[in-house]
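In: here is the input, now give the coordinates:
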Amino acid sequence: MALDHLKAFLVLMQNDPDLKDAVLASSTADDVARIAADRGYEFAGDELLRFSGQKVGRVTVSKRETPGEYN
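Out: The predicted model follows:
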């Protein structure tokens, strides 16, 4: 079920510029999961991270590497 929600959220994101901006401004995968939860999509940040490298529609999930200390 979570994978279905994740894929549906990614499809929604590709058609909503404001949502895309919010996701891209997020610091962590958990932040993205919270944004999704606010819109009724349930998945965990670690599920999103495991989905890294995969593509849904025009969206490719990629893990952002943060060098140095995490703020």
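In: report the distance from the longest helix along the chain to the chain centre.
Out: If you go by DSSP state H, the chain has its longest helix at helix 2-14. Distance, stretch centre to chain centre, for helix 2-14: 8 Å (Cα atoms, centre = their mean, to the nearest Å).
In: elements contacting it?
Out: With contacts taken as 3 or more Cβ pairs under 8 Å, 6 or more residues apart in numbering; DSSP states H and E, helix 2-14 sits against helix 17-24, helix 29-38, helix 45-50, strand 55-56, strand 59-60. (Each C-beta comes from the backbone N, C-alpha and C, glycine too.)
In: quick one, which of those gets closest to Ala2.
Out: Of all the helices and strands packed on helix 2-14, helix 45-50 sits nearest to Ala2, with 5.4 Å by Cβ to Cβ.
In: run through who's touching the closest one.
Out: 2-3, 6, 28-33, 61, 63 (Cβ atoms under 8 Å, 6 or more residues apart in numbering).
In: same thing but 10 Å
Out: Helix 45-50 is contacted from outside by 2-3, 5-6, 9-10, 23, 26, 28-34, 36, 44, 61, 63, using Cβ atoms under 10 Å, 6 or more residues apart in numbering.
In: could you report the pLDDT at the residue sitting nearest the centre point of the chain?
Out: Of all residues in the chain, the one closest to the mean position by Cα atoms, centre = their mean is Val32, 4.7 Å from it. Note on Val32: pLDDT of 94.
In: I'd say it and Phe9 touch.
Out: Yes. Counting by Cβ atoms under 10 Å, Val32 touches Phe9, with 8.6 Å between them.
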